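Novice: Based on what follows, work out the 3D shape:
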Amino acid sequence: MKQIINTSDAPAPVGPYNQSVLAGNTLYISGQIAIDPSTGSLIQDTIEDETNQVLKNLGAILKEAGMDYSNIVKCSVFVNDMHQYSQINAVYAKYFDEESAPARELVEVANLPKFVNIEISAIAVKS
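Specialist: Predicted structure coming up:
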């Protein structure tokens with residue numbers, strides 16, 4: 001059985017998809033970009049600010065599903081500039097400690113929706 005999980009505390013999808021889908025105990029979270037859900041504005045002052053907003057958006061979706069960052073088992077991170085790897089990691093580490101961090105890939109891509117610098121999707125499991 002699949003259940004759609006959406007929240008007004010994260011940006012509305014910019015296409016024909018949902019913020020997340022719960023299938024059994026597994027939550028599949030669509031790629032999030034740095035849109036501030038309260039204003040609808042993109043946050044792109046720095047890669048740190050942008051990454052932080054993306055992770056906040058993921059957190060809002062997790063919360064709506066009754067989960068938190070500790071439930072994430074896999075993240076997919078897409079960036080447009082691999083030279084920002086260390087700055088992204090510094091922010092990412094504030095949300096995940098090394099001992100319980102999820103599996104992850106971080107790949108450089110040519111373009112992202114709305115020409116943002118970073119997008120993160122995640123898979124989380126209810127314990």
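Novice: what about residue 113, distance to residue 34?
Specialist: Distance of residue 113 to residue 34, given as CB to CB, to the nearest Å: 11 Å. Where C-beta positions appear, they are placed from N, C-alpha and C, glycine not excepted.
Novice: quick one, which of those two is more surrounded?
Specialist: Set residue 113 next to residue 34 and count neighbours by other CB atoms under 10 Å: residue 34 wins out with 26 against 12.
Novice: quick one, phi/psi of residue 2?
Specialist: When read as degrees, to the nearest 10, the backbone of residue 2 gives phi -120, psi 140.
Novice: Can you name the residues that contact the nearest residue to it once chain neighbours are set aside?
Specialist: Using CB to CB, 6 or more residues apart in numbering and skipping the chain neighbours, the partner closest in space to residue 2 is residue 23 (4.8 Å). Neighbouring residues of residue 23 by CB atoms under 8 Å, 6 or more residues apart in numbering: 1, 2, 3.
Novice: want to throw those residues into JSON lines with distance to residue 102?
Specialist: Output for those, formatted as JSON lines (distance: CB to CB, whole Å):
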{"residue": "1", "distance to residue 102": "24"}
{"residue": "2", "distance to residue 102": "22"}
{"residue": "3", "distance to residue 102": "22"}
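Novice: Distance of the residue nearest to residue 2 relative to residue 124?
Specialist: Going from residue 23 to residue 124 by CB to CB gives 11 Å.
Novice: The closest residue to residue 6 other than its chain neighbours: what's it in contact with?
Specialist: Of all residues beyond its chain neighbours, the one nearest residue 6 is residue 19 (4.7 Å), with distances taken as CB to CB, 6+ apart. For residue 19, the contact set (CB under 8 Å, 6+ apart) comprises 5, 6, 7, 10, 12, 13, 29, 30, 32, 61.
Novice: Just the buried residues of the residues you listed.
Specialist: Taking 16 or more other CB atoms under 10 Å as the criterion, what is buried in the contacts of residue 19 is 5, 7, 10, 29, 30, 32, 61.
Novice: Which residues does whichever strand or helix holds the fifth one contact?
Specialist: Assessed by DSSP states H and E, residue 30 sits inside strand 26-32. With CB under 8 Å, 6+ apart as the test, strand 26-32 has contacts from 5, 10-11, 13, 17-22, 54, 57-58, 61-62, 65, 67, 71, 76, 78, 113, 119-126.
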